[in-house]
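Asker: Give me the fold of what follows.
(chains A and B, ligands or ions: 2)
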Amino acid sequence: MAESMSDNGKNKVEREIVLRMTDVCTYYGAIRALNKINIEIRKGEMVCLLGGNASGKSTTLKTILGYAPPREGTIEFLGTRTEKMQTKEIVGLGVSLVPENRRLFGRMSVLENLKMGAFLRNDDEIEADMEHLFTLFPRVKERLHQTAGTLSGGEQQMVAMSRALMARPKLLLMDEPSMGLAPIFVQTVFDIIQTISNEGTTIFMVEQNANMALSIADKGYVLQTGEIVLSGSAEALRTNPQMKKAYLGDV
Amino acid sequence: MSIKPGIRYGIISFGILFYLSILGLPLPRTLGGFGTLALGLFWAVLVLISLVTMRETDQRRYTTIEAVTGGLLISAIAGFGMALVVGLFGRLIADGVQVNTVFAQVLPEWVGTFTGQTKQEVQAGVSATTALLRFALLMTSAGFLGAIVSRGLTHSSRERWHDWINSPFMYWLVIAMPFVFYVWYFALARGILGATNTSISGLVLACLFVTAVLVALRRVRDKRRRLVFGIAFVVMLILLPQIGDQFQNTVLNKIAIFSVVGIGLNIVLGYAGMLHLGYIAFFAVGAYAYGLLASPDSYFVINFMGGDGITFWQGLLVAAIVGALMGIIFGVPILRTRGDYLAIVTLGFGQITFLLLLNLREFTGGPGGVLDIPPPTLFGVDLGSAESILYLAMIMLAVVAFMTLRLNDSRIGRSWRAMKEDEDVAATMGINLSTTKLVAFAIGAAFAAVAGVLYATRQVNIFPDNFALKQSIDILSLVIIGGLGSIEGVVLGAVAFAGLPEILREAENYRIVAFGALLVAMMILRPQGLLPPLEHEEDIDVSDRRQDAWLQIFDAEEDDQDSAETGATGTD
Ligand SMILES: Nc1ncnc2c1ncn2[C@@H]1O[C@H](COP(=O)(O)OP(=O)(O)OP(=O)(O)O)[C@@H](O)[C@H]1O
Ligand SMILES: [Mg+2]
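Answerer: Ligands and ions are numbered 1, 2, ... in the order given. The predicted model follows:
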């Protein structure tokens, strides 16, 4: 695991930029939730966004996806300006989300949830991709015909991740994948995320669990009341004395 | 102990029975010789339900002794109460008092159903005491029967109850029911049971048959058997209009037409999750489109079409197109509205349509309606009879149901359901919310409009009143009562809303009250509707559920988070 990470780290510097947010400000009415955010994610990287409650992490993802469009600043996804686009168009470009709290389609079967994930695809590799996901998440296969809402929390997390991956995203956004999971299972989830990353998916992950996130990420940003207060490589952040303070500041 | 609840439920059962019989429980009185037996069975069911409810409230298992004590107690109390009431009424009738001026349903035949006497015997007051003794005996056996059956049900855990429901006996019973009702209906209609005046009771049996078919089809999940029984039911349905008289066929075709409308609304509400209160407008548009383009008296036919109206078949096409367009036109302004506002705005649309029909006298005939709408014809054969309309309606229902099933399992169907569950997440799957909603409106409206054409030709004359708010609410209720999102549910809802009022016609004055009581009871006992969509998990064996320690740990935490999750992501 450690080798593959440093490997990736070396190669990724040269790679093309998948997402670039420049001076992005997002407002909810009069409340400014994001203030001059600058984020850069390169192909194949795993980047994590850390921060306390209400620091604006979820808002950043919503801004990228166009649910909470920015009032100022620009967002570029693979060379396309997306800050004025609608959610469905941005999703069409290849961004997919594992939402906070999973938010599966609870009355649909697991299979239907996966099919929803592949909603915009009409190639004939959907089946094959599904089979591949089953190797990552054997439990999803076991539960394929169960009503998604009746799954346990951990199972729902796996389905939510599978659903997002079914879109073959060029950028996978994950909002607190470890939330509400038992400690042992957090490790499992992070291992799987690591695997997905190693397979080449670019990942932007929001996490509260800073240590865990930084242990598998290449790069990190720390958000505090809507502003980025720290950023850098995962190693640098892990060893940064300010980091702990900034992170704990809002908890 | 089962004594206290037994007394309580005995009194409740008496209340229910008294209420229903005063309303004119039509079943016993008209079932030709089976009245008393039917009453006994009904009684047994009442006892059964009481006992099961008792078990649920007591949260524990009853011993056989307790169950029988409870059952007999319920039966005795309710039976004693009824015997008093019936005896009193019997006495009064024998004395020549016109009881039915106050209680319209209490006729000599009514008393006879309970006491097993003929009309003449009741009037003569013959041996009422013996008769009531017989009645008491029947009730006691019914109570005993109920208790014994309930003993089978009153296991300590839900799983056992589940096992019982899933037992082969219940399975075959459910499958047998359609055949039983069908044969019964046939025998009754052909006079084999010797009963006269079988219109209403026949209708009851026809409705029960339809209901039983719906329930049986849900129960049979094995593909091969489904096919076999499916074919059997289809054949029976094809022959159904041949059995019934004109009255029964008229009601049945209304049920089928309203099922089609309900299925359309079900797409909008059940699948796409949009509460549309003006949905009747689309039904009206279909009916009027055909009426105005086909009736020889219509303004359009006289002035623009040289007196030659369109045919029924052209009418279907026109209505489908006009309906879909209307759906889209009405849909655009409400794309951005959700929930309560959507309901109010659509309510307004329904009212506007109604007022237009009423006030554009010159075109629509105003309150005078559209008259003489021609019947469908095929190769010169007139298809205007109740029977032919029933066939047309069944074909339409089959086509619409088939299309809906296919749609539901398609991309668009999944996007409707996804949108209904969570618009924001649906958008992140790449669904175009506006288009998806408009497609739902267009399809739902087209279904209603097509049904409207058939309705217009069935009615011959249509008036704005046929499409007033009340009908809109009826259709909404039938979809909700039946079970949002399920086609079987909608058809059952149509049976309840189009069939039951005809059955209860005898109890005209109490109809609304009875109906209201039914609705309230439904909402409390079965808020998901009578036949809600089947859950996927039924496919999964319980033994299949492995659970690790960690899964158990956070299952509990999960609930808290789910409830806290809402509100975090509003878009507008
Ligand atoms: N739709 C909204 N309308 C108004 N304010 C909002 C909205 N969504 C979020 N906010 C506010 O914006 C701020 C940032 O919220 P956000 O959801 O991004 O926090 P977060 O960093 O994801 O927090 P957490 O770790 O608790 O999920 C919060 O103060 C929140 O109350
Ligand atoms: Mg958040």
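Asker: got the contact list for the residue lying closest to residue B:308 once chain neighbours are set aside?
Answerer: Counting by CB to CB, 6 or more residues apart in numbering or on different chains, residue B:301 is the residue found nearest to residue B:308 once chain neighbours are left out, at 7.1 Å. For the C-beta atoms, the positions are set from N, CA and C on the backbone; glycine is no exception. By CB atoms under 8 Å, 6 or more residues apart in numbering or on different chains, the contact list for residue B:301 reads B:292-295, B:307-309.
Asker: Among those, name the ones in helices.
Answerer: B:292-294 (DSSP state H).
Asker: Just send those back as TSV, with neighbour count and distance to chain A too.
Answerer: Output for the ones in helices among the contacts of residue B:301, formatted as TSV (neighbours: other CB atoms under 10 Å in any protein chain shown; distance: CB to the nearest CB, whole Å):
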residue	neighbour count	distance to chain A
B:292	22	40
B:293	22	40
B:294	27	42
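Asker: Run through the strands of the stretch 51-200 of chain A in chain order.
Answerer: Using DSSP state E, counting those that start in this stretch, the strands of the stretch 51-200 of chain A run over residues A:72-77, A:80-81, A:95-98, A:171-175.
Asker: wait, I meant chain B
Answerer: Using DSSP state E, the strands of chain B run over residues B:377-378, B:381-382.
Asker: And the residue nearest to residue B:308, how close does it get to residue B:372?
Answerer: 10 Å (CB to CB, to the nearest Å).
Asker: from the strands of chain B, which stretch is densest packed?
Answerer: strand B:377-378 (a mean of 13; mean count of other CB atoms under 10 Å in any protein chain shown).
Asker: can you pull the pLDDT of residue 144?
Answerer: By default, I'm working from chain A. Confidence at residue A:144, expressed as pLDDT, is 87.
Asker: ah, no, chain B please
Answerer: 78.
Asker: what sits against it?
Answerer: Residue B:144 neighbours (CB under 8 Å, 6+ apart): B:68, B:71-72, B:75.
Asker: Please apply the same query to residue B:494.
Answerer: B:255-256, B:258-259, B:262, B:478, B:482.
Asker: okay, and the common contacts of residue B:301 and residue B:372?
Answerer: Taking CB under 8 Å, 6+ apart as the contact rule, residue B:301 and residue B:372 both touch residue B:295.
Asker: For residue A:48, which three-state class applies?
Answerer: strand (DSSP: H, G, I helix; E, B strand; the rest coil).
Asker: Surely it and residue A:207 touch.
Answerer: Yes - using CB atoms under 8 Å, residue A:48 is in contact with residue A:207, at 5.4 Å.
Asker: can you list residues touching both of these two?
Answerer: When contacts are counted by CB under 8 Å, 6+ apart, residue A:48 and residue A:207 are jointly contacted by residue A:213.
Asker: how near is the residue lying closest to residue A:219 once chain neighbours are set aside to residue A:22?
Answerer: Closest residue to residue A:219 apart from its sequence neighbours, by CB to CB, 6+ apart: residue A:47 at 4.7 Å. Between residue A:47 and residue A:22 the distance is 16 Å, computed by CB to CB.
Asker: Please identify which of those two sits among more neighbours.
Answerer: The residue with more neighbours, out of residue A:47 and residue A:22, is residue A:47; 23 against 16, by other CB atoms under 10 Å in any protein chain shown.
Asker: The more buried one reaches residue A:214, doesn't it?
Answerer: No - between residue A:47 and residue A:214 there is no contact under CB under 8 Å: 10.9 Å.
Asker: To be precise, which single item in the contacts of residue B:301 has the lowest pLDDT?
Answerer: Out of the contacts of residue B:301, that is residue B:307, at 72.
Asker: Could you count how many residues lie near that one?
Answerer: 8.
Asker: And for residue A:125?
Answerer: Residues within reach of residue A:125, counting by other CB under 10 Å, total 12.
Asker: Also residue B:164?
Answerer: Using other CB under 10 Å, residue B:164 has 14 other residues around it.
Asker: Now do the same contact list for residue B:428.
Answerer: Neighbour list for residue B:428: A:65, A:67, A:87, A:91, A:96-97, A:99 [criterion: CB under 8 Å, 6+ apart].
Asker: Need the worst-confidence member of those.
Answerer: Among the contacts of residue B:428, residue A:67 carries the weakest pLDDT, at 86.
Asker: Let me see the ranges of the helices in the stretch 1-150 of chain A.
Answerer: With DSSP state H, counting those that start in this stretch, the ranges of helices along the stretch 1-150 of chain A come out as A:2-12, A:57-65, A:87-93, A:110-117, A:126-136, A:138-142.
Asker: can these go into CSV with extra columns for distance to ligand 1 and mean neighbour count?
Answerer: As requested, the helices of the stretch 1-150 of chain A are arranged in CSV below (distance: least, CB to the nearest ligand atom, whole Å; neighbours: other CB atoms under 10 Å in any protein chain shown):
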stretch, distance to ligand 1, mean neighbour count
helix A:2-12, 25, 12
helix A:57-65, 3, 25
helix A:87-93, 14, 19
helix A:110-117, 23, 24
helix A:126-136, 26, 15
helix A:138-142, 25, 16
